[in-house]
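sequence first, predicted coordinates after that:
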Amino acid sequence: MWCLTNGPTSCWAGKTTLWSVESERRWQRSRDWTNCFTRKVTMLEIRPCDLKTACAFVAQYHRHNKPPTGHKYSIACYDGERLCGVVMVGRPIARLLDDGMTVEVTRNCTDGTENACSMLYGAACRAAKALGYKRIITYTLQSEPGTSLKASNWKVADNNAGGGTWDCEKRPRSITQVTLFGEELKYSIETKVRWVKDL
């Protein structure tokens, strides 16, 4: 006769023995499998979003960028009734890419909710295609892996697509600003990667 306890030991014929590491892993997996049937699962949902709401969310959650000044359209992702991410799409920042048939994802920001980032990229692409655009682009920092972009079938167009600062001797520009939290960068000066997807 044998029994299992709620810890890393088992008793058999009245003797207590230590579990092996593998036994502990199996026991934990069985508990996780049981818990997955009792957890409340909510589906992510895509909804329209206005500029004010999108900018407020970006200002609160984005790691290194401030909200943009405008957009063509924005899309929100909700987990139940909780706003968990937004994507903002506008004209391409680079003048040579602004051909009238290309749009740019200027911000994609989530609070860390799983799959929200990829879902927003997909929704932005579908909306751009429905509006008649032929191509959509976006940028990431070189330190970012771009996992959600790869999952959404985007391709790298340029591994060295700008970055740095426009500050120069003849036309000096300040790249820092003083906020309530001290001095901080207005924007990231790290080299960027341009991603593209044909619609």
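Received the coordinates, thanks.

helix/strand/coil for Leu120?
Assigned with DSSP: H, G, I helix; E, B strand; the rest coil, Leu120 falls in the helix class.

count the neighbours of it for me.
28 (other CB atoms under 10 Å). (C-beta placed from N, C-alpha, C; glycine too.)

okay, and the residue lying closest to it once chain neighbours are set aside sits in which element?
Leaving out its chain neighbours, the residue that sits closest to Leu120 by CB to CB, 6 or more residues apart in numbering is Val87, at 4.0 Å. In the assignment (DSSP states H and E), Val87 maps to strand 82-90.

just checking, next helix/strand downstream of that strand?
Criterion used, DSSP H and E; the element after strand 82-90 is strand 102-110.

what's in contact with that following strand?
For strand 102-110, contacts defined as CB atoms under 8 Å, 6 or more residues apart in numbering pick out 54, 57-58, 61-62, 65, 67-68, 71-72, 77, 84-93, 97, 116-117, 120-121, 124, 128, 133-139, 148.

circling back: the residue nearest to Leu120 reaches Cys125, doesn't it?
No: here Val87 does not reach Cys125: they are 9.9 Å apart, not a contact under CB atoms under 8 Å.

who does the residue nearest to Glu190 when sequence neighbours are not counted bridge with?
With CB to CB, 6+ apart as the criterion, Glu190 has its nearest non-adjacent residue at 4.7 Å, and that residue is Leu141. As for beta bridges, Leu141 partners with Lys192 under DSSP bridges.

what about Leu141, distance to Lys192?
To Lys192, Leu141 is 6 Å away according to CB to CB, to the nearest Å.

the more surrounded of these two?
Neighbours around Leu141 and Lys192, counted as other CB under 10 Å, are more numerous at Lys192. The numbers are 20 against 16.

surely the more buried one touches Thr138?
No: using CB under 8 Å, Lys192 is not in contact with Thr138, being 9.8 Å away.

distance between the ends of stretch 69-83?
21 Å (CA to CA, to the nearest Å).

tell me the mean pLDDT for that stretch?
For stretch 69-83, the mean per-residue pLDDT is 94.

got the contact list for it?
By CB under 8 Å, 6+ apart, the surrounding residues in contact with stretch 69-83 are 42, 44-51, 53-54, 57, 84-91, 103, 106, 110, 113, 116, 119-120, 123-124, 127.

so how far does stretch 58-66 reach from one end to the other?
First residue to last in stretch 58-66 (CA to CA) measures 7 Å.

report the buried residues of it.
Buried residues in stretch 58-66, defined by neighbour count with 16 or more other CB atoms under 10 Å: Val58.

pLDDT value on Thr165, please?
pLDDT, Thr165: 66.

ok, now Cys3?
45.

again with Tyr133
97.

got it, and Glu184?
62.

would you mind measuring from the nearest residue to Gly85 once chain neighbours are set aside to Lys192?
Computed as CB to CB, 6+ apart, the closest residue to Gly85 that is not its neighbour in sequence is Thr110, at 3.4 Å. From Thr110 across to Lys192, the span is 20 Å (CB to CB).
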